[in-house]
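# sequence unknown, structure follows:
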């Protein structure tokens, strides 16, 4: 039919989440003192990856039911 927006948005969120998680893993833990020692970049990176993968799975499932 047309472009399913879940595919590009899911891909974008997954890529940004992977980059953000990588930065969270590679960064100095001292910069997280202001956030009570919580690695905010790592946690939000994981959230973005999960949401992105869910969107990609939904787009893939919808595409499979059309054929």
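Everything's here; your move. All of these numbers come straight from a predicted model, not from anything done at the bench.

# from here on, contacts and neighbour counts on C-alpha atoms
Will do.

# what's the burial count for the closest residue to residue 12 other than its chain neighbours?
Spatial nearest neighbour of residue 12, chain neighbours left out: residue 52 (7.3 Å); criterion: Cα to Cα, 6 or more residues apart in numbering. By the criterion of other Cα atoms under 10 Å, residue 52 has 24 neighbours.

# With residue 18 instead?
18.

# again with residue 29
Residue 29, neighbours per other Cα under 10 Å, totals 12.

# What separation is there between it and residue 40?
Residue 29 sits at a distance of 11 Å from residue 40 (criterion: Cα to Cα, to the nearest Å).

# before we move on, what about residue 50?
Applying Cα to Cα to residue 50 and residue 40 gives a distance of 15 Å.

# which residues are contacting the host helix or strand of residue 18?
Per DSSP states H and E: residue 18 is located in helix 6-26. Applying Cα atoms under 8 Å, 6 or more residues apart in numbering, the contact partners of helix 6-26 are 39-56, 58-60.
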